[in-house]
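Undergrad: quick check, what structure comes out for this input:
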Amino acid sequence: MPRLSKTLASGALFMALGAAGLWFGRLQATGSLLRMGPGWLPRALSWILLALGAVVAVSAWTARHDTAADTDAVAAIAWRPLLTITAAVAAFGVLLERAGLIVAVLALVTVACHAEPRRGVVGPAVLALLLAALAWAIFVAGLGMPIALWPEGETA
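TA: Reported below is the predicted structural model:
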């Protein structure tokens, strides 16, 4: 029986995402090819993802690996980066409307930088300021989106 390889895990992930897309889009009207409903394209893409995942998983399952030279094995899960990046994205989502764009971006970068231990202070601070300025330039100044910049609720 073959070991769990990165290719097999990728195929399984594709299939899981395709199945999830079919499940969550099951209530959307698909219509027909001539009169497509809102669920037609997501359902088609989910089926394509499911089929692609099946092809990748089956090819990985049937491939012969020399166990001594198999470097494609899945490594242990790195919990610190996984949980830290998830927390950073969650903090951004929670803070965006409550505290404004600038505070949300600063929190995102600050929390995400803890994914790697022994990181300095200057690099993340510069990154946070640059990303906050870039987010303001793109979304507020460039696209004119009414996003609050600060906790006061001011919009630009």
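Undergrad: buried ones in stretch 133-150, by neighbour count?
TA: Taking 16 or more other CB atoms under 10 Å as the basis for neighbour counts, the residues of stretch 133-150 that come out buried are 135-136, 140, 147-149. (Each C-beta comes from the backbone N, C-alpha and C, glycine too.)
Undergrad: repeat that for stretch 54-62.
TA: Of the residues in stretch 54-62, those scored as buried under the neighbour-count criterion (16+ other CB under 10 Å) are 56-57, 60.
Undergrad: re the thing from before, tabulate the buried residues of stretch 133-150 (a markdown table), appending secondary structure.
TA: As requested, the buried residues of stretch 133-150 are arranged in a markdown table below (DSSP: H, G, I helix; E, B strand; the rest coil):
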| residue | secondary structure |
| --- | --- |
| 135 | helix |
| 136 | helix |
| 140 | helix |
| 147 | coil |
| 148 | strand |
| 149 | coil |
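Undergrad: among these, which pair sits farthest apart?
TA: When those are compared pair by pair using CB to CB, the two farthest from each other are 135 and 148, 12.4 Å apart.
Undergrad: please identify the helix or strand for the residue nearest to residue 16 when sequence neighbours are not counted.
TA: If the residues on either side of it in the chain are set aside, residue 16 comes closest to residue 53, at 7.6 Å by CB to CB, 6 or more residues apart in numbering. Of the helices and strands defined by DSSP states H and E, residue 53 is found in helix 40-62.
Undergrad: what is the rounded mean pLDDT of that helix?
TA: Averaged over helix 40-62, pLDDT sits at 92.
Undergrad: on the C-terminal side of it, identify the next helix or strand.
TA: Following the chain from helix 40-62 toward its C-terminal end, the next helix or strand by DSSP H and E is helix 79-99.
Undergrad: show me what that next one packs onto, helices and strands only.
TA: Other elements packing on helix 79-99 under the criterion 3 or more CB pairs under 8 Å, 6 or more residues apart in numbering; DSSP states H and E are helix 101-112.
Undergrad: the helix it packs on - what's its average pLDDT?
TA: Confidence for helix 101-112, expressed as mean pLDDT, is 94.
Undergrad: what's in contact with that helix?
TA: Outside helix 101-112, the residues within contact range by CB atoms under 8 Å, 6 or more residues apart in numbering are 84-85, 87-89, 91-92, 95-96, 99, 124, 127-129, 131-132, 135-136, 139-140, 147-151.
Undergrad: that one versus helix 79-99: what angle between them?
TA: An angle of 170 degrees separates the directions of helix 101-112 and helix 79-99 when computed by axes from the mean of the first three to the mean of the last three CA atoms, to 10 degrees.
Undergrad: sounds good, over and out.
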